[in-house]
Structures are given as C-alpha cells and as structure tokens.
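Engineer: Sequence first, predicted model second:
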Amino acid sequence: MDENTAEFLKRTILKIPLTEMMTILSAWDFLSENQLQSINFRQKKECLVQDLLLLCEEKRASLNDVALLDIIYTQFHQHQKVWDVFQLSKGPGADIDLFDMEQFKRAFKRVLQRALKNALTIASKHHQIVKMDLRSRYLDSLKAIVFKQYNQTFETHSSTTSQQERSLGLDMNMDSRIIHENRIEKERVQRVTQETFGDYPQPRLEFAQYKLETKFKSDLNGGILAEREEPIRCLIKFSSPHLLEALKTLAPAGIADAPLSPLLTCIPNKGMNYFKIRDK
C-alpha cells in the first residue's frame, strides 16, 4: 500500500466502533475468515489498527478496496449523514425506461474519472441531473418518497364503539348528546387524517423548511413597511425526529384542525421538504 492508501485505511478503521468491527470487516469480505479469526479484537484499538494494517499490507489493499470499506461503514451508519436527492431526466422526446443496473455499474466505473454528475448522467443514459428540494438522514425513506413505494391505498376506518369511546376518553356519565357530537367529530377527524396520510407508516423526515417572501399589505397610508420596495423574508422550520408521523397525530390529538394545511401534507407527494413561498 502507498502512504495515502494506508492513511485512508487507518482513518476508516478508527471510525468503526469495536462492537461493530467484526461485522463490518466480514461484510467487506477483503480479509479471509482465517485472517479475521487471528486478530485479537479485545486489545486496544491502536494495536488492533496496526494488526489490520499489516494484514491489508500483505494482501496489497488498493485504494478501491479501502474505499469499499468506507462505503460499507457509511451504509451501517447512514443516519449520521444528511442525504441530498437528485433527479435524473432524459432529453425532450426520449423514452423513460429503467436502465440495467449491472450495465450502469460497468459504465459508471469507466467514466468515474470525470465529474460525479457527468458520470451519473452518462452511465444511466439520462440528459441531466438536478438537485431536488429533499433531504433526510434516512435513505430508505428518501427512496420511498422519490419512487412512491409506500402504500397509497386508503382503507375505510372501522372500529367497535367501545374502541372509539376509549380513544376519545369519553366519560359515559356525560350527557348523551355531547357524547354523540364528540364521537361524530372524532370520526370525522380520523377519516380526514386517514384520507390524507393513509394507514401505512409515514416516510421518515426530520424537518420541513419554508422560505416566505411577501410584500407587506396594509390599508393604512404612510406605513414604513407598506412603502418598502424589498419583500419581507422569513424562514419557518418544522423539526421532529419523525415529522410526518408527528403531523399525522396533530388533528387526532386536538392540537390542530383537520384537514391540515396542504403545505404540510403535500411533502411526500411533491417529494420536497424545502419550500419557497412567494406572492402570486
């Protein structure tokens, strides 16, 4: 190994937690099972790194080999990064078809020395690649949103009266008319929520960001803001460990009216969690 490859390998191994070391090295499939069994994984990490460097030196690990190890580590820890989504599109009049993945891999390697975007567009036989307004730490959720892979069938909600009463937290000693009105409203909220979000688990996003750009409108004359030529700009950001599931619970919990604003519910269908709102 040359010096750069050895340093890259060292930094990659140091990133791997000891509890995951054997699993990730086995998935790498560069060192043999006998070589892995010969390593003492209970020793200090600095000593472990040196042992692994010697084994990789013996097998003449290349930069590509080490890069593969780094990719495998990233796959194990994909939630530690925020991923951007890009959309590939073909030229005007071109047929939209699915490319052969094995052929794509071969073509991608051949053109990898070019810029990454060029490599992707050439290997996949598309016209251009455009960054989408969609980001998350969860690759599976990004894939589900982009390719519409979540179940979009809205099933009719049904439950027993006792289940509805328990979910409403109804006091059976209350006036029967109040109970009836509460139940009707609860059923309406549940129906609207289900029609909006469906029965399936929501794709996982951590935030949605809205940039608002508007002119100040006022019937009063002489106001400073009304005379301002530049638009007023503000940024609104909704954050949650699981934003779409959190939005789904707002109306049933009585925190918001049903239905919610389309600006909040359109995120999966539009494939966006960055929005720019301007005056028409």
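Structural biologist: Arrived safely, thanks for sending.

Engineer: contacts and neighbour counts: CA atoms only from here.
Structural biologist: OK.

Engineer: what are the ranges of the strands in the stretch 151-280 of the chain?
Structural biologist: For the stretch 151-280 of the chain, the strands defined by DSSP state E, counting those that start in this stretch occupy 207-214, 232-239, 274-278.

Engineer: any chance of those strands in a markdown table, with distance to L88, mean pLDDT and mean neighbour count too?
Structural biologist: Formatted as a markdown table, the strands of the stretch 151-280 of the chain follow (distance: least, Cα to Cα, whole Å; pLDDT from 0 to 100; neighbours: other Cα atoms under 10 Å):
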| stretch | distance to L88 | mean pLDDT | mean neighbour count |
| --- | --- | --- | --- |
| strand 207-214 | 23 | 91 | 17 |
| strand 232-239 | 28 | 90 | 12 |
| strand 274-278 | 19 | 90 | 14 |
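
Engineer: how about those in CSV, adding distance to E102?
Structural biologist: What follows is those, written out as CSV (distance: least, Cα to Cα, whole Å):
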stretch, distance to E102
strand 207-214, 35
strand 232-239, 39
strand 274-278, 33
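
Engineer: Select, out of the ones you listed, the one closest to T249.
Structural biologist: T249 sits nearest to strand 232-239 of all the strands of the stretch 151-280 of the chain, at 14.5 Å, using Cα to Cα.

Engineer: Within its sheet, name the partner strands of the closest one and how each one runs.
Structural biologist: The pairing partners recorded for strand 232-239 under DSSP bridges are strand 207-214 (antiparallel).

Engineer: Which positions within stretch 78-86 qualify as buried?
Structural biologist: By neighbour count on 16 or more other Cα atoms under 10 Å, the buried set for stretch 78-86 is 78, 85-86.

Engineer: CA atoms only for the helix or strand hosting E46 - export them in PDB, please.
Structural biologist: Using DSSP states H and E, E46 sits in helix 45-58. This file holds the C-alpha atoms of helix 45-58, laid out as PDB (Å, rounded to 0.1, in the frame of the first residue of the first chain):
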ATOM      1  CA  LYS A  45      -7.900   0.000  19.300                       C
ATOM      2  CA  GLU A  46      -4.500   1.400  18.300                       C
ATOM      3  CA  CYS A  47      -2.900  -2.100  18.400                       C
ATOM      4  CA  LEU A  48      -5.900  -3.500  16.500                       C
ATOM      5  CA  VAL A  49      -5.400  -0.900  13.800                       C
ATOM      6  CA  GLN A  50      -1.800  -1.900  13.400                       C
ATOM      7  CA  ASP A  51      -2.700  -5.600  13.100                       C
ATOM      8  CA  LEU A  52      -5.300  -4.800  10.400                       C
ATOM      9  CA  LEU A  53      -2.900  -2.600   8.500                       C
ATOM     10  CA  LEU A  54      -0.300  -5.300   8.400                       C
ATOM     11  CA  LEU A  55      -2.800  -7.900   7.100                       C
ATOM     12  CA  CYS A  56      -4.000  -5.400   4.500                       C
ATOM     13  CA  GLU A  57      -0.400  -4.600   3.500                       C
ATOM     14  CA  GLU A  58       0.200  -8.300   3.000                       C
END
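
Engineer: Who are the packing partners of whichever helix or strand comes after it?
Structural biologist: Next along the chain after helix 45-58, taking DSSP H and E as the criterion, comes helix 63-76. Where contact means 3 or more Cα pairs under 8 Å, 6 or more residues apart in numbering; DSSP states H and E, helix 63-76 is packed against helix 3-15, helix 21-28.
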